[in-house]
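Participant: Pasting the sequence and the predicted coordinates here, then a few questions.
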Amino acid sequence: MNSKNLHLNEDQIIRSVVDENDLPATVRDHLSTCLVCQGKKQQIEQELSSLGRMAREFAPLPRREVRLPFYKPRSLWPWRPVFVAGFAAVLLIAGIWWYALVTTSQEKMMSQIMWETKQDEQLMAEIYALEEYAPVDVYPDVSAESDIGYFDEFLMFVSPLEINQNAV
């Protein structure tokens, strides 16, 4: 590079456009002193700037703002209809089960009431039958309940003095 006839090759000039600090010191010194290499560098920079300007001019405007996807935590919101449908199904099944249980218990209660009514009718029939064929008056004499006066006479016999003193 000491010679003025040797210039930078195209790769070195492109590297200088990107970042001059990546080049060796001798190449940087040559680029700062050589007008031919500086012209090539400026020509490449102008081509790149015109290419960028043309890209901006011919590129369509974005219709909406471009957003990059980002991670957001999963929520249960998408599953909400499933939960609502499941809850409705559980309520429906519980309602049907309760209705069947109540209906069955009412039927059982009615059959129990009918059975008790029949038992009561049988009992009342037995009571009426006993009234018609009541025991005769001999049976109370056997049990010593027919003669109530006997009991009073016996008391008079046991304590005659008190009664006689009250009578006098």
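Facilitator: That came through fine. Numbering: from 1, shown residues only.
Participant: From here on, just use CA atoms for contacts and neighbour counts.
Facilitator: Fine.
Participant: wait, isn't residue 15 in contact with residue 22?
Facilitator: Yes. Assessed by Cα atoms under 8 Å, residue 15 is found in contact with residue 22 at 7.5 Å.
Participant: neighbour-wise, which of those two wins?
Facilitator: Between residue 15 and residue 22, counted using other Cα atoms under 10 Å, residue 15 has the larger neighbour count: 14 against 11.
Participant: Now name the helix or strand holding the residue most central in space within the chain.
Facilitator: The chain has residue 83 as the residue nearest its centroid, 6.9 Å off, counting by Cα atoms, centre = their mean. Residue 83 belongs to helix 80-132 when assigned by DSSP states H and E.
Participant: Please compute how far that helix lies from its chain's middle.
Facilitator: 33 Å (Cα atoms, centre = their mean, to the nearest Å).
Participant: and if you look at stretch 16-27?
Facilitator: 67 Å.
Participant: List the buried residues for that stretch?
Facilitator: 16, 20, 27 (16 or more other Cα atoms under 10 Å).
Participant: Would you check that the second one makes contact with residue 28?
Facilitator: Yes. With contact taken as Cα under 8 Å, residue 20 and residue 28 are classed as touching, separated by 7.1 Å.
Participant: any low-confidence regions in the protein?
Facilitator: Within the chain, the stretches with pLDDT under 70 are 1-5, 76, 132-155, 160-168.
Participant: for the host helix or strand of residue 30, packing partners?
Facilitator: Using DSSP H and E, residue 30 falls within helix 25-33. When contacts are defined as 3 or more Cα pairs under 8 Å, 6 or more residues apart in numbering; DSSP states H and E, helix 25-33 packs onto helix 35-58.
Participant: Alright, that wraps it up for me.
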